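> structure here, sequence nowhere to be found:
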């Protein structure tokens with residue numbers, strides 16, 4: 001039988017844990033994308049400076 005009271009007690013902690021994990025994964029993805037872009041831009045800059 002589904003206990004609504006237990007669900008309401010567990011819901012906030014579940015939401016908090018889910019929010020934290022989503023935030024962490026977003027930060028990891030964002031960090032990886034930013035570092036990849038930075039590396040790509042640096043390679044582009046080095047390529048341009050060699051051409052000049």
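Everything's here; your move. No experiment lies behind these values; they were computed from the predicted model shown. Numbers count the residues shown, from 1 in each chain.
> okay, and the residue nearest in space to the middle of the chain sits in which element?
Nearest to the mean C-alpha position of the chain, counting by Cα atoms, centre = their mean, stands residue 26 at 1.5 Å. Residue 26 is part of helix 4-51 when elements are defined by DSSP states H and E.
> over to residue 2?
Applying DSSP H and E as the criterion places residue 2 outside every helix and strand.
> ok, now which ones touch it?
With contacts defined as Cβ atoms under 8 Å, 6 or more residues apart in numbering, residue 2 has no neighbours. (Each C-beta comes from the backbone N, C-alpha and C, glycine too.)
> residue 36 too?
Contacts of residue 36 by Cβ under 8 Å, 6+ apart: none found.
> so how many other residues sit close to residue 40?
By other Cβ atoms under 10 Å, 10 other residues sit near residue 40.
> the one 3 residues further on now?
By other Cβ under 10 Å, 10 other residues sit near residue 43.
> what does the one 3 residues further on give?
Neighbour count for residue 46, taken as other Cβ under 10 Å: 10.
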